[in-house]
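[1] fold the following, please.
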Amino acid sequence: MFKMIAAAVGAVVLAGGAAQAADLSGAGATFPAPVYAKWAEAYKAQTGVGLNYQAIGSGGGIKQIKAKTVDFGASDKPLKPEDLSAAGLYQFPTVMGGVVPVMNLPGIKPGQVHLTGSVLASIYLGDIKKWTDPAIAQLNPGVKLPNLPITVVHRSDGSGTSFLFTSYLSMKSAAWAGKVGASDAVEWPAGIGGKGNDGVAAFVKQTIGSIGYVEYAYAKQNHATYALVQNKAGQYPAPESDAFAAAAAGANWAKAPGNYLLLLDQPGAKSWPITGATFILLYKEQTNAAAGEGVLKFFDWAYKSGDAMALQLDYVPLPESVKDLIRKQWTANIKAGGKPVYVSR
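    Model prediction:
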């Protein structure tokens with residue numbers, strides 16, 4: 001199931017395989033790995049500069065940038081302004097996407113099963129144990145649900161995808177908020193753990209009756225069976241770029257200190273309820289100005305030339321006004337010896 005994703009992530013690493021002095025290194029979130037792979041391949045072809053990106057999970061990305069072992073970290077869990085300040089870091093968004101529940105249910109087609117946030121929380125709490133449970137059946141009249149036990153699949157690593165998912169469950173279920181809470185790594189009440197979005201996808205593929213959660217590109221590329229999740233307006237939109245864009249429509253990045261912004265359970269009939277941005281982490285004071293410049297050049301190129309590639313994978317590009325805002329932030333925030341390391345032109 002996850003061969004295509006593995007190949008995509010591998011392309012990121014291969015892009016930096018020549019080990020040139022100008023090659024870039026990054027680590028972190030698996031959520032954006034497919035689009036970073038596409039960007040890296042195209043950027044390498046145009047500039048000769050490679051990208052060695054380790055898709056190890058957001059928690060790993062945060063640890064590696066704090067340890068200064070990579071040029072940039074990547075996380076789907078935005079750090080709060082006070083945490084950024086304490087670490088001397090700056091963060092900016094690259095693209096937006098959606099987290100979707102994926103299932104292995106014989107006879108069920110993608111989008112055929114409807115779930116609510118509260119029912120998802122009860123499944124992940126281990127309170128709902130079978131697919132024929134009345135709480136699920138009530139949401140799915142006319143659907144022949146298999147009489148199978150539910151196997152919950154979750155992330156085993158520190159994960160921004162988990163942060164988005166558990167934050168959403170906390171919003172929709174007081175029981176989840178009280179017993180488990182929202183974080184990139186939680187004490188899961190039930191289930192088995194897989195490393196990365198691809199690891200969760202693999203376990204779901206192997207396990208009949210299972211349910212997991214992955215970034216939509218992983219579900220799409222592998223033709224996975226996904227559930228529709230009820231949004232704030234009571235609707236069940238399909239998980240696709242238009243639905244993620246609808247959730248992001250009201251996002252006001254200009255009034256988000258430290259670019260800390262969540263896009264969960266947003267209003268609107270077309271909004272996908274588990275939508276989020278993914279972020280890059282850099283030191284504000286760069287000890288290697290050339291590396292800092294290289295990172296910003298790459299993402300500036302992606303802002304200018306990467307939108308079509310992002311849309312192919314159902315990520316949502318940032319609006320041009322937000323890109324312009326971020327470019328100004330780069331000039332003001334990322335410096336070496338008091339001077340900006342990169343000014344976009």
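[2] going forward, measure contacts between C-alpha atoms and count neighbours the same way
    Noted.
[3] can I get the CA coordinates of the lengthiest helix in the chain in PDB?
    Across the chain, the longest stretch assigned as helix under DSSP state H is helix 289-305. Extracted C-alpha coordinates of helix 289-305, given in PDB (Å, rounded to 0.1, in the frame of the first residue of the first chain):
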ATOM      1  CA  ALA A 289      24.400  32.200   6.300                       C
ATOM      2  CA  ALA A 290      24.800  30.200   3.100                       C
ATOM      3  CA  ALA A 291      22.700  27.300   4.400                       C
ATOM      4  CA  GLY A 292      20.000  29.700   5.700                       C
ATOM      5  CA  GLU A 293      19.900  31.400   2.300                       C
ATOM      6  CA  GLY A 294      19.700  28.100   0.600                       C
ATOM      7  CA  VAL A 295      16.600  27.000   2.600                       C
ATOM      8  CA  LEU A 296      14.800  30.300   2.000                       C
ATOM      9  CA  LYS A 297      15.700  30.200  -1.700                       C
ATOM     10  CA  PHE A 298      14.200  26.700  -2.000                       C
ATOM     11  CA  PHE A 299      10.900  27.600  -0.300                       C
ATOM     12  CA  ASP A 300      10.700  30.900  -2.200                       C
ATOM     13  CA  TRP A 301      11.100  28.900  -5.400                       C
ATOM     14  CA  ALA A 302       8.400  26.500  -4.100                       C
ATOM     15  CA  TYR A 303       6.100  29.500  -3.400                       C
ATOM     16  CA  LYS A 304       6.600  30.700  -7.000                       C
ATOM     17  CA  SER A 305       6.700  27.400  -8.900                       C
END
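[4] and this structure, what are its domains?
    Annotated domains of the chain cover 3-97+276-340, 99-254 [automatic domain parsing].
[5] now mean pLDDT and mean neighbour count too, for the ones you listed, in TSV please.
    Listed next are the domains of the chain as TSV, based on pLDDT from 0 to 100; neighbours: other Cα atoms under 10 Å:
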stretch	mean pLDDT	mean neighbour count
domain 3-97+276-340	90	20
domain 99-254	96	20
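[6] need these in TSV (columns: distance to residue 260).
    Shown next, in TSV, are those (distance: least, Cα to Cα, whole Å):
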stretch	distance to residue 260
domain 3-97+276-340	6
domain 99-254	8
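[7] mind checking which of these is nearest residue 268?
    Taking Cα to Cα, domain 99-254 is the member of the domains of the chain nearest to residue 268, at 6.0 Å.
[8] still on that earlier bit, packing partners of the longest helix of the chain?
    Applying 3 or more Cα pairs under 8 Å, 6 or more residues apart in numbering; DSSP states H and E, we find helix 289-305 packed against strand 24-28, helix 33-47, helix 320-333.
[9] out of these, which is closest to residue 237?
    Residue 237 lies closest, by Cα to Cα, to one member of these: helix 33-47, at 23.1 Å.
[10] next, the angle strand 24-28 makes with that closest one.
    Orientation check (axes from the mean of the first three to the mean of the last three Cα atoms, to 10 degrees): helix 33-47 against strand 24-28 gives 180 degrees.
[11] after helix 33-47, which helix or strand is next? Please name it.
    strand 51-55 (DSSP states H and E).
[12] coming back round to it: for the domains of the chain, which one sits closest to residue 266?
    Between the domains of the chain, domain 99-254 lies closest to residue 266; by Cα to Cα that is 5.4 Å.
[13] now do the closest one: distance to the chain's middle.
    14 Å (Cα atoms, centre = their mean, to the nearest Å).
[14] quote the end-to-end distance of that domain.
    End-to-end distance for domain 99-254: 25 Å, by Cα to Cα, to the nearest Å.
[15] please name the nearest non-neighbouring residue to residue 56.
    Once flanking residues are discounted, residue 56 sits nearest to residue 28: 5.1 Å by Cα to Cα, 6 or more residues apart in numbering.
[16] kindly report the same for residue 245.
    That would be residue 316: by Cα to Cα, 6+ apart, it lies 6.1 Å from residue 245.
[17] list the contacts of the one you found.
    Taking Cα atoms under 8 Å, 6 or more residues apart in numbering, we find residue 316 in contact with 95-97, 241, 244-245, 307, 310.
[18] would you map the helices across the protein?
    Ranges of helices in the chain, per DSSP H, are 3-14, 33-47, 58-66, 81-87, 117-125, 134-139, 160-172, 174-179, 196-206, 216-221, 241-248, 289-305, 307-312, 320-333.
[19] relative orientation of the longest one and strand 24-28 in degrees?
    Spelled out, it's helix 289-305. Relative orientation of helix 289-305 and strand 24-28, computed by the same axes, to 10 degrees: 70 degrees.
[20] residues making contact with helix 289-305?
    With Cα under 8 Å, 6+ apart, helix 289-305 has contacts from 22, 24, 39, 43, 71-72, 94, 282, 286, 317-318, 323, 327, 330, 334-336, 341-342, 344.
[21] can you rerun that using 7 Å?
    Outside of helix 289-305, the residues within contact range by Cα atoms under 7 Å, 6 or more residues apart in numbering are 24, 39, 71, 286, 323, 336, 341-342.
[22] write down the beta-bridge partners of the residue nearest to residue 56, one by one.
    residue 55, residue 74 (DSSP bridges).
[23] the longest strand in the chain is where?
    Determined from DSSP state E, the single longest strand within the chain is strand 89-103.
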